[in-house]
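Student: Everything below, folded, please.
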Amino acid sequence: MTREEVLAKLRERRAEFDGRLHAIPRDAMDRPVPGAAHSPKQILAHVSAYERLIVERLRAARLGETTEFDRDRVGWEAFNSRVWGEGLDAPVDVVVARSAADFLELLEEVAELSNGELVDERGVTAAVDPAWLHGRPLWEAIAVDGFDHYPMHFAQLEAAKAE
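Tutor: Numbering: from 1, shown residues only. The predicted structure follows:
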């Protein structure tokens, strides 16, 4: 997948996510989604945390540094548990603003990648933590934590809107 395709997919899927999120009444943002344990605000903070991880991984790799995030070392379950808790107490406006900023930074970081770095172990990709890549090309790791992640929460956002 090329850089332009990755960027287009990030924009497209995030717009779908944001459309569902913005259809939720403001007063429902802090209430757990019917049939789920988390609120729309927590879901947004959760998605944003994964975007932030991608940004931090890419920035560190540009400096030749390898990261060792709990998400990659301990597992996504421990990371998610921590992130769900962090999203609980943050004000809605703060979570929304932080998420918008994180997404813009994600687009900027991905735009700096070459097509070669997205498919082969070269340049930035050579310094990316192998525990995140799991032998996949960089574009696939970005997909897992980015544009393939957003749809995992579409049904929850739809349920919150319907409430």
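
Student: Please make it C-alpha for all contacts and neighbour counts, starting now.
Tutor: Noted.

Student: Helices of the protein, start to end?
Tutor: Using DSSP state H, the helices of the chain run over 3-22, 40-62, 70-73, 76-89, 92-111, 115-119, 130-133, 138-145, 154-162.

Student: any weak-confidence spans in this structure?
Tutor: 68-75 (pLDDT under 70).

Student: Highest mean neighbour count out of the helices of the chain?
Tutor: Compared across those, helix 40-62 shows the largest average neighbour count, a mean of 22 (mean count of other Cα atoms under 10 Å).

Student: Can you name every helix or strand that that one contacts?
Tutor: Applying 3 or more Cα pairs under 8 Å, 6 or more residues apart in numbering; DSSP states H and E, we find helix 40-62 packed against helix 76-89, helix 92-111, helix 138-145, helix 154-162.

Student: now for the helices of the chain, which one comes closest to residue 33?
Tutor: Proximity to residue 33 (Cα to Cα) singles out helix 154-162 among the helices of the chain, at 5.1 Å.

Student: what about dumping the CA coordinates of the closest one to PDB?
Tutor: Below are the C-alpha coordinates for helix 154-162, written out as PDB (Å, rounded to 0.1, in the frame of the first residue of the first chain):
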ATOM      1  CA  PHE A 154     -18.800   1.800  14.800                       C
ATOM      2  CA  ALA A 155     -21.600  -0.400  16.400                       C
ATOM      3  CA  GLN A 156     -21.000   1.100  19.800                       C
ATOM      4  CA  LEU A 157     -21.200   4.600  18.500                       C
ATOM      5  CA  GLU A 158     -24.400   3.800  16.600                       C
ATOM      6  CA  ALA A 159     -25.900   2.300  19.800                       C
ATOM      7  CA  ALA A 160     -25.000   5.500  21.800                       C
ATOM      8  CA  LYS A 161     -26.600   7.600  19.100                       C
ATOM      9  CA  ALA A 162     -29.800   5.600  19.200                       C
END
